[in-house]
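Visitor: based on what follows, work out the 3D shape:
(chains A and B)
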There are 2 protein chains.
Amino acid sequence: MSKRPGQLHLNAFLMGVGHHEAAWRLPESDPYASWDVEHYRNLARIAERGRLDSLFLADSPGLMGDPGRRPGGRLEPTVLLTALAGVTERIGLIATASTSYNEPYNLARRFASLDHVSGGRAGWNIVTTAGADAARNFGLDDTPLHKERYERADEFLEVSTKLWDSWTDDAIVADKAAGVHADSAKVRRIEHAGRFFRVAGPLNVPRSPQGHPLLVQAGSSHNGKAFAARWAEAVFTAQQTLAEAQAFYADLKKRAAAHGRDPDGIKILPGIVPVIGDTEAEAEELDRELDRLISPEFAKRQLAQQFRLDPDALDLDAPLPENLPSEDEIEGAKSRYTLIVDLARREKLTVRQLIGRLGGGRGHRTFTGTPVQVADAIEEWFDDGAADGFNIMPPVLPSGLEVFVDKVVPILQERGRFRTDYTGTTLRDHYGLPRPADSLTTALAVRQSA
Amino acid sequence: MSKRPGQLHLNAFLMGVGHHEAAWRLPESDPYASWDVEHYRNLARIAERGRLDSLFLADSPGLMGDPGRRPGGRLEPTVLLTALAGVTERIGLIATASTSYNEPYNLARRFASLDHVSGGRAGWNIVTTAGADAARNFGLDDTPLHKERYERADEFLEVSTKLWDSWTDDAIVADKAAGVHADSAKVRRIEHAGRFFRVAGPLNVPRSPQGHPLLVQAGSSHNGKAFAARWAEAVFTAQQTLAEAQAFYADLKKRAAAHGRDPDGIKILPGIVPVIGDTEAEAEELDRELDRLISPEFAKRQLAQQFRLDPDALDLDAPLPENLPSEDEIEGAKSRYTLIVDLARREKLTVRQLIGRLGGGRGHRTFTGTPVQVADAIEEWFDDGAADGFNIMPPVLPSGLEVFVDKVVPILQERGRFRTDYTGTTLRDHYGLPRPADSLTTALAVRQSA
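Guide: Okay, the predicted model is just below:
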């Protein structure tokens, strides 16, 4: 492999006491930590110590799966990240929020507020939210159709970007003598009227430090990629093999270019679950210990639900059945579904083995090894055009983040692959992404010159 | 007046650089402070130094009025209060949020999250949101009818309280050996199906430190009082005279009792704008300086809008016109409308004088005097059955909160009327209100004994 110039990006994906579903059962884990802000403050400080680009919280507005199996539910991400903004100074803060179950005015405003409160560190991971558990909390019987969810998401982003630009950067003049606080001509209604939304505006929050939050996306279906190519500035993705990751990377950069965008303006970050030990044997022992703690009956029930099968149709010690639905028939998380089926077939896994792999990273790539091996794996994908950086998903928290920051990051820094200190103050600075232009000023200038 | 036993409650109502609309024009004011989290952190620390019960932020999901006139818009309150939770330890945090323009699942969850993150200090000021500016950000042409807004609010609270109780207090068993995180029987769907909402639940956040946030209400119309009597644990209200305040107090306590509630379980806090000087003359000079800074043309336009009149129908130096609409014809903030008309007629104010009074407190009572006079005024209403405490609305911030905390609070403490230190840790503790019973545990016990 040839060395690629520049540095890679690292995001810490925080999830309760770890991404491995059985992490809470380890002796070291506090099973109540998922709702303890101190736990997350500690994680945020560790990630900032490692100079990581950002923290990220996934989300769904519903209780997913059986709360008996693992810590169920989550604190609302914009609230939790606001709390973390207070104990950090530079690291970015990316919250997941759904375009299917929010109103654009409320959500655009909340992210603008987080961007103000954090001094320009807000990011929004835009999701359309699969699953009946969420749908049934919002008056629906089941998830809206996949295509319709993405159409709504597109319009949601149109409304949001208009709202974020409804104040020019210089709208506030604060002329005490004249008694004029803002120049009213520089605060404009948006008067959006579309298929899903009618929103007059303006936003009731002035333009924020980053102009608007960093836009992040994480779905890899056909609709998901089309949406990412248009809107996303960073993409989280689940990729199991180098070849698949390269193909995804090339495809998405090309799609962004087709939208007239700079391909470097969309950063691609595959997930990686690093199971780290000082020796390979130690890492493998942690891996085995975690898998041993998975309750296969709970997991089988969830897998069956994802496949729209009766749990009895799955035999723990046999491969997946042949006659599974195609991706087209799935209205949920389409690309994740296909990834799971492909993984099981490619590696000829039994249901029990598949459960072990999914329990660790829910379809994301698990990499087990020493700090040097993890650093090598990260460099390889970066150099080989499969990633601009990585979404780090520690199997156990805080220990898995601590070992990554204290043992893997220094290797990447030593090799010149990762920053040794922050050079900017905003989330966009860290990812090397420009602050979006203030479209209202542009529009007003055009009108004036016409 | 006879001395009433017990202590009174004090809430700090934070608003940008002060409640007086011209506060931003004072030499001391930072006109950008409304969007600066450091400004609010400073205010929160001052209020906690004074051992106040709580902080409160008003809100509307729209830009109200002309942003030329005064700092327009607001950071989203749950975000801002989460930031303030991080720099305080005991003081309560009350955020306004609208039942008309939110989904109950999202909002119930956000308040539960704030309650977790703050260690039991969350309160929700429940509003139904008047005004076309907000309505037009949510697909409507104008505010929904007043009655319908309150019917939706009632059902919104039914759903929210069911969601907050969808986990029992002891649902998490965290049995690592058995691999059981929560007792699934103690996490229940709510399956709510009503006129406005269908919500399956359960919430994806376990029951919070206070059981649920303190429920606060602030409308004094007929529908508002009926709602408060059923749901509110604290009520903010605008009352101009002792007699009116006493009548309101007696009426609301009686209404709560009629719902089978303990009248002491609903705390009534009229607003007061204390304009404080070391001497009476100094206080009056601050009052005059602030009123001199109001731009009457901006204010006249807003008043005309509230009265549904053409601005030209208002003469600055004449009384209000005779033929104003009745409260029944107003679909906005009904009780505030009547209060303003009554105030102008009772005190025979010209439009310019009325604008001065409204500019200071938007219909709330302004009291100008020395620290001793302010403390006397507070004691009088408390002793005379007009208030359980006060909603303190400093005309200028931070200076107006500083002088209240440093000069008025010590007088009230010395007289035994206010705490000298916190005795509890939650917002409910400060107001002397019980933690609500966990209704799911009660329901499960009934089922078991049947």
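Visitor: all strands of the stretch 101-250 of chain A, in order?
Guide: A:122-127, A:172-175, A:180-182, A:192-193, A:198-199, A:214-217, A:234-237 (DSSP state E, counting those that start in this stretch).
Visitor: for the longest one, name the packing helices and strands.
Guide: Packed against strand A:122-127 by the contact rule (3 or more Cβ pairs under 8 Å, 6 or more residues apart in numbering or on different chains; DSSP states H and E) you find strand A:54-57, strand A:92-98, helix A:104-117, helix A:146-164, strand A:214-217. For glycine as for every other residue, the C-beta is placed from the backbone atoms N, C-alpha and C.
Visitor: go again with 6 Å.
Guide: strand A:92-98, helix A:104-117, strand A:214-217 (3 or more Cβ pairs under 6 Å, 6 or more residues apart in numbering or on different chains; DSSP states H and E).
Visitor: now render those as a markdown table, adding mean neighbour count, distance to chain B and mean pLDDT.
Guide: A markdown table is the format used below for these (neighbours: other Cβ atoms under 10 Å in any protein chain shown; distance: least, Cβ to the nearest Cβ, whole Å; pLDDT from 0 to 100):
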| stretch | mean neighbour count | distance to chain B | mean pLDDT |
| --- | --- | --- | --- |
| strand A:92-98 | 25 | 9 | 98 |
| helix A:104-117 | 26 | 4 | 98 |
| strand A:214-217 | 27 | 17 | 98 |
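Visitor: near chain B, which residues of the stretch 101-250 of chain A show up?
Guide: Applying Cβ under 6 Å from any Cβ of the partner chain, one finds that the stretch 101-250 of chain A approaches chain B through A:105, A:109-110, A:113-114, A:116-117, A:136-137, A:139, A:174, A:176, A:179-182, A:184, A:187, A:198-200, A:202, A:204-205.
Visitor: in CSV: the strands of the stretch 101-250 of chain A, plus distance to A:Gln305.
Guide: CSV is the format used below for these (distance: least, Cβ to Cβ, whole Å):
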stretch, distance to A:Gln305
strand A:122-127, 19
strand A:172-175, 51
strand A:180-182, 52
strand A:192-193, 38
strand A:198-199, 36
strand A:214-217, 25
strand A:234-237, 23
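Visitor: now the terminal residues of stretch A:269-289, how far apart.
Guide: 28 Å (Cα to Cα, to the nearest Å).
Visitor: and for it, what's in contact with it?
Guide: A:11, A:19, A:236-239, A:245, A:360-361, A:364-369, A:374, A:387, A:389-391, A:393, A:395, A:403-404 (Cβ atoms under 6 Å, 6 or more residues apart in numbering or on different chains).
Visitor: same check, this time on stretch A:360-378
Guide: A:19-20, A:238, A:240, A:271-276, A:280, A:283-284, A:287, A:336, A:339-340, A:390, A:393, A:395, A:407-408, A:411-412.
Visitor: and with 7 Å instead?
Guide: By Cβ atoms under 7 Å, 6 or more residues apart in numbering or on different chains, the residues outside stretch A:360-378 that reach it are A:8, A:19-20, A:238-240, A:270-280, A:283-284, A:287, A:290, A:336, A:339-340, A:357, A:390, A:393, A:395, A:407-408, A:411-412.
Visitor: can you list the weak-confidence ranges in chain A?
Guide: A:1, A:331-332, A:450 (pLDDT under 70).
Visitor: re the thing from before, right, so of the helices and strands packed on strand A:122-127, which gets closest to A:Leu303?
Guide: Comparison of the helices and strands packed on strand A:122-127 against A:Leu303 by Cβ to Cβ identifies strand A:92-98 as nearest, at 22.9 Å.
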